[in-house]
Structure formats: structure tokens, C-alpha cells
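[1] The sequence and its predicted three-dimensional model are supplied below.
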Amino acid sequence: MNDMGSDYPKAAACGWNFIVLMSRQGKIRLSEFFSSYTEGEKRRILRDIAADVLPRQPKMCNIIEKGEYKFVYRRYASLYFVAGIPPQMNELIVLEQIHLFVEALDGYFNSVCELDLVFSLHKSLIILFEMFIGGMLCESNKREVLNLIVEAEELVEESAKRGEDTASQLDDGLSFQEQFQLGRKPGRRTGAAGGAGR
């Protein structure tokens, strides 16, 4: 058996362990963990990012080694895009993957800003999940990603009934944590059968 697995139990095989989008003030705008972490470990990682990445000067290195993973980050305007990767992964490739994700967000939101992520978190997560599966880049063509998202939105609009909230249909695929982050009560929607009886 490979000894590396015992040294880095949380490390994904060849992809990101997590990605965090954080503002300069330390507010988390998006976080997705591709490896399994306890809630305490997630909080520790977020504290480490705030303590290690935010105070760094612009001319400093964009790679921070931190125990069983490395932070690779890039700052765009007021947001830090921080990827946690296994130590053996190439940091320059990760910087390019972060840039590709930002370009896809930019293409969808037409010059993405922090408010786009705040008010359209579900759209940002959809873009992330179209590009990355389990932390590994699976679709590098941003046009293809944007076309798939537009197709999905068109399907939702077609299937929506008059007067029905189409955003709620898009949100139904989100986890409880993501719905909570959006300010919604998880499990509140009961589907078409439950909504018809009201």
C-alpha cells in the first residue's frame, strides 16, 4: 500500500481539496469542500485562510504550504480565490484553473463582482460544478460550460408554470448548507404535489 495515503488522508487523488472565495474583509462568499472534513476542520481551514492569505502583500508568493495541503490563491479585485491542494500537485496548473474559473464566472455575469456571488451563489456553484467534479477539472472549455448552463436555464423556464418561481426550481438541487447560505429554510419546498394543495 502507498505510504502517501496515510500521510495525507484528506488529500484528493489529483484535484483540489477545497475552494474558498473570500473578500478582503474575511467574508466567505463561496466555499466548497471536495474532500470530507468535519465542521471543526472546515472552520480551522477558513481561519487559516483568513490569517495566512488576507494579510499578504500583493508582491508575495501565491502559494502557502500548510501541513497536509497547500493554499494556492489569486486575488481578483476585492476577492481572494483560494484552492486547497495536495502537496504533490502542480501549483502553476492550479493558478491557471483558478483563472479559468474566474473567466467562466466573468463570461456568465459579464464582468463578475462580489455582489454577483452574494446574490447568485447558486449560479456560481452551478458553474463550479460544471467545471470541477470532485475537485478535478473536467470541462476546460468555458464556452461549453456557459452553453450548458444556458441550456439548463432554458429547460427550467420551459418547464415553469405561470406565476411559479423559477429560482426555486434551480435551488431544489442545492444542499441544506447551500440553501441556508442563500437565506432559505432547507426543505421548505415540498415539490409540485405539495405546492398544489396550498
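    Happy to help now that I have it. Residues are numbered from 1 along each chain as shown.
[2] so where's the protein shaky on pLDDT?
    Low-confidence segments of the chain, defined by pLDDT under 70: 1-13, 161-198.
[3] all strands of it, in order?
    Using DSSP state E, the strands found in the chain span residues 18-23, 28-33, 63-66, 69-76, 79-85, 132-133, 136-137.
[4] so what strands line up beside the fourth one?
    Strand partners for strand 69-76, identified by DSSP bridges, are recorded as strand 63-66 (antiparallel), strand 79-85 (antiparallel).
[5] relative to strand 18-23, how tilted is that strand?
    Orientation note: strand 69-76 sits at an angle of 40 degrees relative to strand 18-23 (axes from the mean of the first three to the mean of the last three Cα atoms, to 10 degrees).
[6] Next: the second one.
    Angle between the axes of strand 28-33 and strand 18-23 is 180 degrees (criterion: the same axes, to 10 degrees).
[7] what does strand 28-33 rub up against?
    Strand 28-33 is touched from outside by 17-23, 42, 46, 79, 114, 117-118, 121, 124-125, 128, with contacts defined as Cβ atoms under 8 Å, 6 or more residues apart in numbering. Where C-beta positions appear, they are placed from N, C-alpha and C, glycine not excepted.
[8] Mind jotting down where the helices sit in the chain?
    3-7, 39-52, 91-109, 114-119, 121-131, 142-159, 166-171, 176-181, 191-196 (DSSP state H).
[9] neighbouring contacts of the second one?
    When you say that, I think you mean helix 39-52. Taking Cβ under 8 Å, 6+ apart as the criterion, the residues outside helix 39-52 that touch it are 10, 18, 20, 22, 26, 28, 31, 33, 37, 64, 66, 71, 80, 82, 84.
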